[in-house]
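Trainee: Show me the folded form of this:
(2 chains)
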Protein chains: 2
Amino acid sequence: MPDTTNNPNRKTWLEVAPDSDFPIQNIPFGVFLTRDDVITIGTRIGDYAIDLGALHQLGYFDGIPLTDDIFLQDSLNDFISDGKKTWRLVRNRIGDIFDADNAALRDHKEHRERVIFTLNEIEMQLPVQIGDYTDFYSSIEHATNVGKMFRGEENALMPNWLHVPVGYHGRSSSIIPSGIPIHRPQGQTLPAGADTPVFGPSKRVDFELEMAFITTDANHLGEPIPIEEAEDYIFGVVLFNDWSARDIQKWEYVPLGPFLGKSFASSISPWIVTMDALEPFRVETPKPLKPQLEYLQYTGKKSYDINLEVGITPENGEETIVSRSNFKYMYWNMAQQLTHHTINGCPVNSGDMMGSGTLSGKTPDSYGSMLELSWAGKNPVKLNDGSERTFINDGDTVTMRGHCKNEHVRIGFGEVSSKLLPVFQPKKK
Amino acid sequence: MPDTTNNPNRKTWLEVAPDSDFPIQNIPFGVFLTRDDVITIGTRIGDYAIDLGALHQLGYFDGIPLTDDIFLQDSLNDFISDGKKTWRLVRNRIGDIFDADNAALRDHKEHRERVIFTLNEIEMQLPVQIGDYTDFYSSIEHATNVGKMFRGEENALMPNWLHVPVGYHGRSSSIIPSGIPIHRPQGQTLPAGADTPVFGPSKRVDFELEMAFITTDANHLGEPIPIEEAEDYIFGVVLFNDWSARDIQKWEYVPLGPFLGKSFASSISPWIVTMDALEPFRVETPKPLKPQLEYLQYTGKKSYDINLEVGITPENGEETIVSRSNFKYMYWNMAQQLTHHTINGCPVNSGDMMGSGTLSGKTPDSYGSMLELSWAGKNPVKLNDGSERTFINDGDTVTMRGHCKNEHVRIGFGEVSSKLLPVFQPKKK
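Mentor: Residues are numbered from 1 along each chain as shown, chains lettered A, B, ... in the order given. All right, here's what the predicted structure looks like:
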């Protein structure tokens, strides 16, 4: 059963701006609260949010094997568990319903009013209940840059990096949707030259420009996934800001890896863009610099050309774009990451999330973190208002955007945006 | 409202062996499948499993604020969310119901038959749906031993270890209850002297003797938990075998920490022993070797005297106890671990699990892993049947047990036991 949604010539009867991230060829999935305070699964076309729970109740998905309440849920997990065939049937049907030539909903005012919302009428939620979250470290430029700063030029890229898609388990409970502000974390740091740590607010709060993919139920305990099957278990992709406190991270991370320097917050964009929507934007993964073990070898184009940018907006100020990068720079692709993750028999379930690691390009203006952009604070980044940043200030909002574009169509992710508030102050008792 | 269950003089009308881990003073919580294939929350007294769902339906918990289906669930998460006061009310009530002098259930044959099962009639399940799992590294002997082997004598204990309760995020999806066999994992390892890794079965599969605590909903994003409140959020404790593949771990773990060397499986004992049951066994935490930052300072006895042992049983063979250790050796106690975990604002929820890290004592016969017992394979461990082990062989069953004991009562955990099977063989297509 082929995907029919990507037809670049299709028009919709909804109004869509020409540069929208969400043309009728996109059809992402998310979860939102409606104006009636009902939680539902939905999609987005242009600047309209569409209530799939209501559409289903009205019979628009008849003929597709779906349970009655599949969209009336506070997460996409059960829908994602239904598998790739069902995702595609639903996405194709949504494309049909909103096709310019399809009068069924277009000319049914009462149904339209029940199903279609403007963005200011809804509140986006976390799209999945994330069971386990893993973060990879798959940009060679980022790994090299950080290695130089944390361990020196000689030990920059560890000996395992070109063989292993290095990753680590992250914290699910602090993953939040775009729009939720966060507090500057406190913790232990080691002042320069000191041998005893101090406690206080992190002085080096940073973003990490990442993307993350969401999986479906992939395997049982003990059973690895062969690389040729890996893509079948990837539902879609979101933008991901893996907030980091560099000074906390630096003091804590040897030998067991990042912990509190990461787990205070991680923000994702609320609309999951499906792999089917990204299909036209496949590109080759960068050529390996060393031979890779057989279980990681693959054929075909397994990377995606997704333009990314990061902006910083000071309190009451204007935005400065501080980095422009691309998802295609990833040295290890998603199929390799997922295959590696299960090679030891580790089970991957519906709603698990895997981050790419910071996506830095080769040139300094494409670095995906302030750590790299300011080179550990040595070269402050100038903002449009004349102020400078080495890391993120209280009151700053960090916004990441991403989109693919070819001569026919633009498929985008919207944004993940969150504001850094000062350290949390407990209420006096 | 005090705990009344620990009264050491209380007897029950159920038959309980004198050396049972589960006298009427214990009353742990677990989840099981009954002979009628119904899943329920239950407790255990002696060698009887008690169906709390059925007891509740029969009105035995009347007067305690509980939803009707609180025990008819496949996990304890919602019950744990009800909070410490409710746990205690329920535990006290169970103590009353089974008190030797209480005739209500004792003399009601029909109710007894509905509520009480023998252990061979039930199948224990994972007691909680684990949202996030963190593993600490809180035994100074283990951290020092591993450090010597992985990084050499000079870098054995990292500079942060005496200041930070070091921990890392682990994988929830591969946590399984006692009794589930596991497969030997495959992965990348670096042969001695080589500079290119090979792929194959791990040659160094190991156990780690740990305990783990289960939390309730503790805090919101951004809000740390003060150390004097931390214990209120700990529901109870289980035995924990953190299976490890040392050769995979060694190659992958720098710089982001353990990943596939751990995530193939981790086994827990199925009965969660409550903190109330452990109250009589509080002891002092070992004195800090260096001053600790204020947010980690506490008063009172915050460690627990729990005897632990590990046995290896070869296929069709007899068991050899290879290690005897104790939970009280932990340098950082649970209150410090939980406080540290939230100091950056990381949310902790009902059903989260936090491991102690391997619990090694000072003497070689108390080391909590084969890595240490065989000193990285140099000194094989002799089993009773004359065979030797450096790590775990295919067909071996590893069993961990734990109990507290004073002049009045023994409170135990039962066991966590799992068998290592050979590498998984995919079915031919």
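Trainee: Every contact and neighbour count from this point should use C-alpha atoms.
Mentor: Will do.
Trainee: so who does the nearest residue to A:Q337 once chain neighbours are set aside touch?
Mentor: Nearest residue to A:Q337 in three dimensions, chain neighbours excluded: A:P165, at 6.1 Å (CA to CA, 6 or more residues apart in numbering or on different chains). By CA atoms under 8 Å, 6 or more residues apart in numbering or on different chains, the residues touching A:P165 are A:F136, A:Y137, A:S138, A:W332, A:Q336, A:Q337, A:H340.
Trainee: What pLDDT does the model give A:P165?
Mentor: pLDDT, A:P165: 98.
Trainee: try A:K428
Mentor: pLDDT, read off for A:K428, is 69.
Trainee: Please list the residues of the stretch 51-200 of chain A that sit near chain B.
Mentor: A:131-132, A:158, A:160, A:163-164, A:166-174, A:182-183, A:185-188, A:197-199 (CA under 8 Å from any CA of the partner chain).
Trainee: For A:T216, see how far away the nearest residue to A:P8 once chain neighbours are set aside is.
Mentor: Closest residue in space to A:P8, ignoring its immediate chain neighbours: A:H408 at 5.9 Å, by CA to CA, 6+ apart. According to CA to CA, to the nearest Å, A:H408 stands 30 Å off from A:T216.
Trainee: count of residues packed around the closest residue to A:S178 other than its chain neighbours?
Mentor: Among residues not flanking A:S178 along the chain, A:V416 sits closest, at 4.6 Å (CA to CA, 6+ apart). Using other CA atoms under 10 Å in any protein chain shown, A:V416 is surrounded by 24 other residues.
Trainee: What of A:L89?
Mentor: Other residues close to A:L89 by other CA under 10 Å number 20.
Trainee: what's the distance between A:A335 and A:K290?
Mentor: 18 Å.
Trainee: between these two, which one's more packed in?
Mentor: A:A335 (24 against 9).
Trainee: and that one, what pLDDT?
Mentor: 98.
Trainee: Please apply the same query to A:R151.
Mentor: So, for A:R151, pLDDT stands at 80.
Trainee: before we move on, what about A:I27?
Mentor: pLDDT at A:I27 comes out at 98.
Trainee: Where does the prediction get shaky in the stretch 301-429 of chain A?
Mentor: Across the stretch 301-429 of chain A, the ranges flagged by pLDDT under 70 are A:428-429.
Trainee: for chain B, what are the nearby residues on it?
Mentor: A:H341, A:I343, A:N344, A:G345, A:C346, A:P347, A:V348, A:N349, A:F424, A:P426.
Trainee: Now restrict these to buried residues only.
Mentor: Buried subset of those (neighbour count, 16 or more other CA atoms under 10 Å in any protein chain shown): A:H341, A:I343, A:N344, A:G345, A:C346, A:P347, A:V348, A:N349, A:F424.
Trainee: Quickly note the distance from the residue nearest to A:S178 to A:D21.
Mentor: With CA to CA as the criterion, A:V416 and A:D21 are 13 Å apart.
Trainee: The closest residue to A:H183 other than its chain neighbours: neighbour count?
Mentor: In space, and not counting its chain neighbours, A:H183 is closest to A:L421: 4.6 Å by CA to CA, 6+ apart. A:L421 sits with 16 neighbouring residues when counted by other CA under 10 Å.
Trainee: hmm, back to that, looking at A:H408 and A:T216, which has the bigger crowd around it?
Mentor: A:T216 (24 against 8).
Trainee: from memory that one sits against A:S81, does it?
Mentor: Yes - counting by CA atoms under 8 Å, A:T216 touches A:S81, with 5.5 Å between them.
Trainee: shared neighbours of the two, which are they?
Mentor: Shared contacts of A:T216 and A:S81, counting by CA under 8 Å, 6+ apart, come down to A:S350.
Trainee: For stretch A:169-188, list every residue counted as buried.
Mentor: For stretch A:169-188, by 16+ other CA under 10 Å, it's A:169-179, A:181-188.
Trainee: Isn't A:I182 up against B:G222?
Mentor: Yes - counting by CA under 8 Å, B:G222 is a contact partner of A:I182 at 6.9 Å.
Trainee: and the residue nearest to A:N102 when sequence neighbours are not counted, what element?
Mentor: Leaving aside its sequence neighbours, A:N102 sits nearest to A:D96 (CA to CA, 6+ apart; 6.9 Å). A:D96 is located in helix A:84-97, with elements delineated by DSSP states H and E.
Trainee: Report how many residues lie close to the residue lying closest to A:T285 once chain neighbours are set aside.
Mentor: Once flanking residues are discounted, A:T285 sits nearest to A:S303: 5.2 Å by CA to CA, 6+ apart. Residues near A:S303, counting by other CA under 10 Å, number 22.
Trainee: A:E154 too?
Mentor: For A:E154, the neighbour count with other CA under 10 Å is 9.
Trainee: show me what contacts it?
Mentor: A:K148.
Trainee: and it, what pLDDT?
Mentor: 84.
Trainee: How much space separates it from A:T144?
Mentor: Here A:E154 is placed at a distance of 10 Å from A:T144 (CA to CA).
Trainee: elements contacting the longest strand seen in chain A?
Mentor: When chain A is parsed with DSSP state E, its longest strand is strand A:410-421. Applying 3 or more CA pairs under 8 Å, 6 or more residues apart in numbering or on different chains; DSSP states H and E, one finds that strand A:410-421 contacts strand A:182-183, strand A:234-241, strand A:266-268, strand A:397-405.
Trainee: Can you name the residues bridging to A:V310?
Mentor: A:V310 has these beta-bridge partners by DSSP bridges: A:S323, A:M400.
Trainee: So what's the residue count around it?
Mentor: Neighbours around A:V310, by other CA under 10 Å: 27.
Trainee: same thing with A:E294?
Mentor: 10.
Trainee: One more: A:N219?
Mentor: By other CA under 10 Å, the burial measure for A:N219, its neighbour count, is 16.
Trainee: And the pLDDT at it?
Mentor: 97.
Trainee: Give me the sheet partners of the longest strand of chain A and which way each runs.
Mentor: When DSSP bridges is applied, strand A:410-421 pairs with strand A:182-183 (parallel), strand A:397-405 (antiparallel).
Trainee: So what's the gap between the longest one and the chain middle?
Mentor: Yep, that's strand A:397-405 we're talking about. In terms of CA atoms, centre = their mean, to the nearest Å, the centre of strand A:397-405 is set 10 Å apart from its chain centre.
Trainee: Repeat that for stretch A:273-287.
Mentor: 15 Å.
Trainee: what's the span of it, first residue to last?
Mentor: Taking CA to CA, stretch A:273-287 runs 26 Å from one end to the other.
Trainee: Any idea which residue of the stretch 101-250 of chain A lies closest to chain B?
Mentor: A:P185 (4.7 Å; CA to the nearest CA).
Trainee: What are the buried residues along the helix holding A:D96?
Mentor: Within helix A:84-97, judged by 16+ other CA under 10 Å, the buried ones are A:84, A:86-97.
Trainee: and if you look at stretch A:301-321?
Mentor: A:302-314, A:319-321.
Trainee: my guess is A:F98 meets A:V16, correct?
Mentor: No - using CA under 8 Å, A:F98 makes no contact with A:V16, being 11.7 Å away.
Trainee: Who has more neighbours out of those two?
Mentor: More neighbours surround A:F98 than the other of A:F98 and A:V16, with 20 against 17 (other CA under 10 Å).
Trainee: Lovely, talk soon.
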